[in-house]
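Undergrad: Here is my input, please return the structure:
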Amino acid sequence: MKNIKAFTMPKWGIEMQEGTISEWVVKEGQSFKKGEIIALIETDKISNEVEAEFDGVLRKIVTPSGQTEP
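TA: From the prediction side, this is the model:
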């Protein structure tokens with residue numbers, strides 16, 4: 001399990017305080033490749049896609065769609 005990497009909320013701009021996961025495009029147990037869209041995030045100013053920074057498998061979604069995180 002030493003190769004587990006956490007996804008953290010991206011920070012888009014100096015004023016961004018939090019974001020809402022509007023959709024997990026990749027589902028639990030699904031593999032993905034670097035550059036693929038894994039989630040859609042909304043802030044008070046923008047909506048954006050989050051690309052995978054590495055190849056992997058999404059083992060567990062801890063923060064469900066619709067939840068807001070810092």
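Undergrad: Can you list the buried residues in stretch 33-42?
TA: Across stretch 33-42, burial judged by 16 or more other Cβ atoms under 10 Å covers 38, 39, 40, 41. No exception for glycine: its C-beta is placed from N, CA and C like everyone else's.
Undergrad: Span of it from start to end?
TA: Terminal residues of stretch 33-42 are spaced 23 Å apart (Cα to Cα, to the nearest Å).
Undergrad: tell me the mean pLDDT over it?
TA: Across stretch 33-42, pLDDT averages out at 96.
Undergrad: what's the distance between that stretch and the middle of its chain?
TA: 6 Å (Cα atoms, centre = their mean, to the nearest Å).
Undergrad: likewise stretch 8-23?
TA: Here stretch 8-23 is found 10 Å from its chain centre; the criterion is Cα atoms, centre = their mean.
Undergrad: can you list contacts of it?
TA: Residues outside stretch 8-23 that contact it (Cβ atoms under 8 Å, 6 or more residues apart in numbering): 39-43, 45-48, 50, 63-70.
Undergrad: Now which of these would you call buried?
TA: Buried positions within the contacts of stretch 8-23, assessed by neighbour count (16+ other Cβ under 10 Å), are 39, 40, 41, 43, 50.
Undergrad: of all the residues you listed, which two lie farthest apart?
TA: Across these, no pair lies farther apart than 39 and 43, at 13.1 Å, counting by Cβ to Cβ.
Undergrad: before we move on, back to that, which ones among the contacts of stretch 8-23 are found in strands?
TA: The members of those that map onto strands under DSSP state E are 39, 40, 41, 42, 47, 48, 50, 68, 69.
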